[in-house]
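[1] pasting the sequence and the predicted coordinates here, then a few questions.
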Amino acid sequence: MSGRHEAADERGHGATQQAEHGSGDERRPEARPRDGGAARGGVRLADVHKVFGAGDAEVRALDGVDLELAPGSFTVVLGPSGSGKTTLLNVVGGIEQTTSGTVVVAGEEISGRSPVDLAGFRREHVGFVFQFFNLVPTLTARENVEIIVELTGIGDPGRVPELMAQVGLADRSEHFPAQLSGGQQQRVAIARALATDPDVLLADEPTGALDLTTGRQILALLLDLNRAGRTVVVVTHNVSVAQIADTVVTVVDGRVQSVERNDEPASAEAVSW
Amino acid sequence: MRATTRKALRDLRRQRTQVGAVALTVALGVAMYVASAGAFRNLSTSYEGTYERLGFADVVASGTDPQALADAALGAGAAEAIVRTTADQPMTIGGTRLQGRLVGLPADAHPAVDDVDVVDGDYLSADDPDGVLLEKHAAATFDLGPGDHLQVLSPSGWHEVTVRGVVISPEYLWPAPSRQQVLGDPYGFAVVFAAEDQVRAWSGQGPTEALALLDGTDRTTVIEAVRAAGATDVLTREDNPSDAALHLDLDGFDKMSVAFPLLFLTAATVAAYVLLARRVLSERPVIGTLMAAGARRGHLIWHYVLQGLLIGLAGSATGAALGAPLTVLITKEYTTELGIPDTVVAGHPDLVVIGLALGVVVGAIGAAVPAFVAARTVPAEAMRNQVVLAGQGWWGAAVSRLRVLPATTRMALRDVVRNPRRTLATMLGSVIALVLVLASVGLMTSMITALDAQYGTIQREDAQVVVVPGTTDQVSASLDATDGVTTVEPSLVARVTVSSGDKSYATDLQGFEPGTAMHGFVDGGSDVPLPTDGVLAGARLADLLDVSVGSTLTFTDAAGATSTATLAGFVDEPLGTLVYGTRQTVSSLVADPAEVLLVQFDEGADRSALRSTITTMDDVLAYSDTRALLTMIESYLGLFWAFVGVVVVLGGVLALAVIEVTMAVNLVERTIELATLRAAGVTVRRAAGVLATENIVAIIAGLPFGLVAGFFAARGMLGLFNSDMFIIELDLGWWVLGLAALGVLLAAAASQIPAARAIRRLDVAQVVRERAA
Ligand SMILES: Nc1ncnc2c1ncn2[C@@H]1O[C@H](COP(=O)(O)OP(=O)(O)OP(=O)(O)O)[C@@H](O)[C@H]1O
Ligand SMILES: [Mg+2]
């Protein structure tokens, strides 16, 4: 594996700015030391609009978003309810098509692609973690990860035990969801998101259903994954989570209100709610 | 094993009761298919085996010079051709006079065509000219065996003969004197085989016909050759009354092998659909998550189709395993009942394969739509923990105002509309259940009504007495004077061919007294009078001849003479399509019709005594007891009743199964809600009450649709079996509809009990962990 800095530089951008002015010229070093693995992913949105409905019922969920996230960055997206956070995440992950604008993720232009194409893009580059774990109740933890390998045809089933160990569930692999705690279930969900070895990991309120301690553990796990080079974006209501990010994006009324860089991100222990 | 396969298997095991119910439905459909199609083949092969072994004639030609006809047949390439005498002569067996049929055979050797199979005693012998062979059905009816005696009327008077042997004949596997008398009083007809010379002597004629056996020869060529040689009448195998009757029966099997499996398998398809569609709906968040991860649609579709296939395969494997022994059972029962000597019971691997495939197809079709719906799930569903319900609209508002109802009832009533898909699925359950019940019960009630109508309102005579032409008045007087006889009425019967344009139909023309008390003419439920001018015809004639009231019908009698009459109206009759007029009309239409006296008896008259008395009267040629005919029909219907009974029971069982599937699915779907209620301390009774109210309301909403669908299914089913010989109208009385609806409702109510038990057993903790977050 080549060093992270070189890899990041190849992609052309460091961690980032930028909202209103749209350009990502300013290069910043990554905030967090890597534990090996090239920086992967990277996100660029230019003048992205997403409109739901039409006429009186029209909702501008995203209203001209320009945003650049460096490969290997850890971003937290904050904002009031209904501001467009989830929509932004979905657009980045290719589960929602934009109304207009350009979206480039992991070097791939995905705006204007068909749903089938987008599914292919997700298989190759993206892992999702949702607030609700949505595990298959009739499959064990390990099988819940394996099923993704099967259904996507991407990833190596032989690597599943390794993933289980990585999320700290090596000894719980054969348990069914009903036999796991919420935090453990969310770990399984994260392992499942990692099954295709994605460049970008997107998490929408991953701790929303968890208590503080468990939530911290999950965040620590996400940080670990980021340290391995993946671009991680976490959407949350919880301002406290912003401490651990190297980049904090605030969304209001479908617009990026601010992008702040955090030079000294804290560890997950610092988070509270 | 793959994780997807494991998920499929475990999901199915979780829903094992419902999966079992769907698989059972498939199994019954497949078992019925394999059994009835197999029985059909076995029976066909059995007949064919007997025909082959005994050299059943392919062509029977009659004319003035049968030897010339036989030669012509041989000349045209027939493998064998013989001549013989067949004559109808009155006989007396055990004190009963009846229509006898004498058939000539070589005295010392078996014939090359239309041989007989001696099942008891010995074949004819030249040393024993008065020794005859009695056909098996008559031997059974009159309980005669070798050594017993019977009398044959010969030109020189009654002649006593001795039964040497009891035989089976390919021509009389089903003992019918003619095509129009396929169903007859078994005491009214007997076939006796005797030495050809004796038959000629007793009947005063012969030879009367040539029989030809073809061996790959073109039949049309042979028929043309015998016609050219002067044949006046040529009958093929299919014209043989016995063969025609058996084919009618076999066709019934053939149609059953389609109709019932179709019904059951359709029900199974819908049930599989409901089961999987509901599950896909409840798995939407998971599927959304899989889609977000970029799951391939094809893989996901296959995952759900696989579950349908597994259910179908489990059902069809069971069904095929059941069907094979059932085939054997039906074949044995049937061939024994009818006395078919060669019982061929073969296995039919191809039917088993088709049966298995049917189950697979049912599963695949049932799963197809849910699978595609699953594959079209948008990833955004992953962000919803529960299926979002539509607004409540006017219904919700109306329910809210019903303050008198407890909150739980109001909740249930609102849910009926809030989750229309679930309500529709439940309604579908009640529709399938009613279709299954009504289609099977309808067959039974219609059959009973048809027999009641035929032998209650239509044919009102107790017996028919055929007399020597010109003796109607004398015999009528003797009958009037007989104890136990209340009414006697003269009638005429002639075998005719009715035609209009280029279409024709062979049937009986019957003439009654104007205002007859012996026959009821019913059209569309109301009585119609017998017209003094013109004729009435069975309703089927409209289609058979393309005619309507006012059309002119042409009648051709046995001698070939033609005449015409106006079609004055139609009558609805279950058995046969006949033509009726007054006696005067009939005698003006045909020459020399048979004279038949219709007789009614006292209630409780001794029928067997009356039979002996009447059959031994002077000038009586034949006698047929209508009640005996009914008894015989019922005895042969035994197999049919057994079958229909089984279908009714199965229909009921399946209806229960379908309702159970629907109810259980509703329960599974609402696990979270119920667990939440239970967690909040709501009693099992209350929680179950909410579910039950919702279910029952949906079931009730489905009843009208089910009744209509069931009515049409039953009618379609009966339509399959109808022909010109059986015209069974659907009779589903209001009470049947009411009972069926009530039954479905009770079944639904009963299945709330296991639901309540399931709610009691609900592991609130597990549910909350699995499903919520
Ligand atoms: N499918 C949709 N149809 C119509 N409007 C939608 C749809 N999805 C989202 N919206 C609207 O778009 C806006 C942004 O929604 P989004 O879910 O992105 O908000 P959010 O910031 O994630 O909110 P929260 O913090 O409550 O999750 C909201 O006003 C929402 O109502
Ligand atoms: Mg959101």
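    Perfect, thanks for sending it. Ligands and ions are numbered 1, 2, ... in the order given.

[2] from here on, just use CA atoms for contacts and neighbour counts.
    Will do.

[3] beyond whichever strand or helix holds residue B:474, next helix or strand please.
    Secondary structure from DSSP states H and E places residue B:474 in helix B:472-480. Once the chain leaves helix B:472-480, the next helix or strand it forms, by DSSP H and E, is strand B:485-500.

[4] which of the residues in that following strand are buried?
    Taking 16 or more other CA atoms under 10 Å in any protein chain shown as the neighbour-count basis, strand B:485-500 is seen to contain the buried residues B:485, B:487-500.

[5] tell me the centre residue of chain A?
    If you average the C-alpha coordinates of chain A and look for the closest C-alpha using CA atoms, centre = their mean, you land on residue A:202, 1.9 Å from that point.

[6] secondary structure class for that residue?
    The three-state label given to residue A:202 by DSSP: H, G, I helix; E, B strand; the rest coil is strand.

[7] my guess is it meets residue A:126, correct?
    Yes - using CA atoms under 8 Å, residue A:202 is in contact with residue A:126, at 7.3 Å.

[8] shared neighbours of those two, anything?
    Common contact partners of residue A:202 and residue A:126 (CA atoms under 8 Å, 6 or more residues apart in numbering or on different chains): residue A:93.

[9] out of the buried residues of strand B:485-500, flag the one nearest to residue B:108.
    The nearest member of these to residue B:108, counting by CA to CA, is residue B:495 at 36.9 Å.

[10] so which strand or helix has the closest residue to the closest one other than its chain neighbours?
    In space, and not counting its chain neighbours, residue B:495 is closest to residue B:508: 4.7 Å by CA to CA, 6 or more residues apart in numbering or on different chains. Using DSSP H and E, residue B:508 sits within strand B:503-512.

[11] also compute the angle for that strand relative to strand B:485-500, please.
    With axes from the mean of the first three to the mean of the last three CA atoms, to 10 degrees applied, the angle from strand B:503-512 to strand B:485-500 works out at 160 degrees.

[12] what is the least confident helix or strand in the chain?
    Went with chain A since none was named. helix A:4-11 (a mean of 38; mean pLDDT, DSSP states H and E).

[13] what's the next secondary structure element after that one?
    strand A:43-52.

[14] quick one: mean pLDDT for that next one?
    The pLDDT scores in strand A:43-52 average 94.

[15] same for that strand, what does it pack against?
    Applying 3 or more CA pairs under 8 Å, 6 or more residues apart in numbering or on different chains; DSSP states H and E, we find strand A:43-52 packed against strand A:59-69, strand A:100-105.

[16] ok and the first one relative to strand A:100-105, angle-wise?
    In this case it means strand A:59-69. In terms of direction (the same axes, to 10 degrees), strand A:59-69 departs from strand A:100-105 by 40 degrees.

[17] give me the mean pLDDT for strand A:59-69.
    Here the mean pLDDT over strand A:59-69 is 94, rounded to a whole number.

[18] shouldn't residue B:317 be within a helix?
    Yes - according to three-state DSSP, residue B:317 belongs to a helix.

[19] isn't it right up against residue B:356?
    Yes - the pair residue B:317 and residue B:356 qualifies as a contact (CA under 8 Å) at a distance of 6.0 Å.

[20] buried residues in the one helix or strand residue B:53 maps to?
    Assignment of secondary structure by DSSP H and E places residue B:53 within helix B:16-54. Within helix B:16-54, the residues that qualify as buried by neighbour count (16+ other CA under 10 Å) are B:18-51, B:53-54.

[21] that helix close to chain A?
    No - using CA under 8 Å from any CA of the partner chain, no contact is recorded between helix B:16-54 and chain A, whose separation bottoms out at 13.5 Å.

[22] quick check: mean pLDDT across that helix?
    Averaging pLDDT along helix B:16-54 gives 87.

[23] what is that helix packed up against?
    Secondary structure elements in contact with helix B:16-54, counted by 3+ CA pairs under 8 Å, 6+ apart, are helix B:241-282, helix B:297-338, helix B:349-375, helix B:626-669.

[24] identify the residues contacting stretch A:45-64?
    A:22, A:65-68, A:82-84, A:87-88, A:97-104, A:253-255.

[25] just these that are near ligand 1?
    Restricting those to those near ligand 1 by CA under 6 Å from any ligand atom leaves A:82, A:83, A:84, A:87.

[26] residues in contact with the third one?
    When the contact criterion is CA under 8 Å, 6+ apart, the partners of residue A:84 are A:61, A:62, A:251, A:252, A:253, A:254, A:255.

[27] can we see that at 6 Å?
    With contacts defined as CA atoms under 6 Å, 6 or more residues apart in numbering or on different chains, the neighbours of residue A:84 are A:61, A:254.

[28] any idea how far it lies from residue A:59?
    Between residue A:84 and residue A:59 the computed distance is 10 Å (CA to CA, to the nearest Å).

[29] quick one, the helix or strand containing residue B:710 and helix B:241-282 angle?
    In this structure, residue B:710 sits in helix B:684-721 according to DSSP H and E. Angular relation of helix B:684-721 and helix B:241-282 on a 0 to 180 degree scale: 150 degrees, by the same axes, to 10 degrees.

[30] mind listing what's buried along helix B:684-721?
    Buried residues in helix B:684-721, counted by 16+ other CA under 10 Å: B:684, B:687-715, B:717-718, B:721.

[31] contacting residues for residue B:441?
    residue B:648 are the contacts of residue B:441 under CA under 6 Å, 6+ apart.

[32] how near is it to residue B:729?
    To residue B:729, residue B:441 is 13 Å away according to CA to CA.

[33] next: residue B:591.
    Residue B:591 sits 35 Å away from residue B:729 when distances are taken as CA to CA.

[34] same thing with residue B:146?
    The span separating residue B:146 from residue B:729 equals 46 Å under the rule CA to CA.

[35] related to what we said a few turns ago, out of the buried residues of strand B:485-500, who's nearest residue B:111?
    The shortest distance between residue B:111 and any of those, using CA to CA, involves residue B:495 and amounts to 30.9 Å.

[36] sorry, back to before: which among the buried residues of strand B:485-500 gets closest to residue A:273?
    For residue A:273, the nearest member of the buried residues of strand B:485-500 is residue B:500. The distance, counting by CA to CA, is 95.2 Å.

[37] mind telling me what element residue 98 is part of?
    Here I'm looking at chain A. Taking DSSP H and E as the criterion, residue A:98 maps to no regular element, lying outside all helices and strands.

[38] let me rephrase: I mean chain B.
    Mapping residue B:98 onto the secondary structure by DSSP H and E places it in strand B:96-105.

[39] give me the sheet partners of that strand and which way each runs.
    Strand pairing for strand B:96-105, determined by DSSP bridges: strand B:86-93 (antiparallel), strand B:189-195 (parallel).

[40] quick one: distance of the shortest one to the chain centre.
    Think strand B:189-195. On the basis of CA atoms, centre = their mean, to the nearest Å, the separation between the geometric centre of strand B:189-195 and that of its chain is 32 Å.

[41] could you give the average pLDDT over it?
    Over the span of strand B:189-195, the pLDDT mean works out to 95.

[42] beyond that strand, next helix or strand please.
    Heading C-terminal from strand B:189-195, the first helix or strand you meet, by DSSP H and E, is helix B:196-203.

[43] next secondary structure after that following helix?
    Per DSSP H and E, the first helix or strand lying C-terminal to helix B:196-203 is strand B:209-213.

[44] for that following strand, give me every contacting residue.
    For strand B:209-213, contacts defined as CA under 6 Å, 6+ apart pick out B:57-62, B:66, B:70, B:78-84.

[45] in the longest helix belonging to chain A, which residues are buried?
    The helix spanning the most residues in chain A, taking DSSP state H as the definition, is helix A:212-227. The neighbour-count criterion (16+ other CA under 10 Å) identifies A:214-227 as the buried residues of helix A:212-227.
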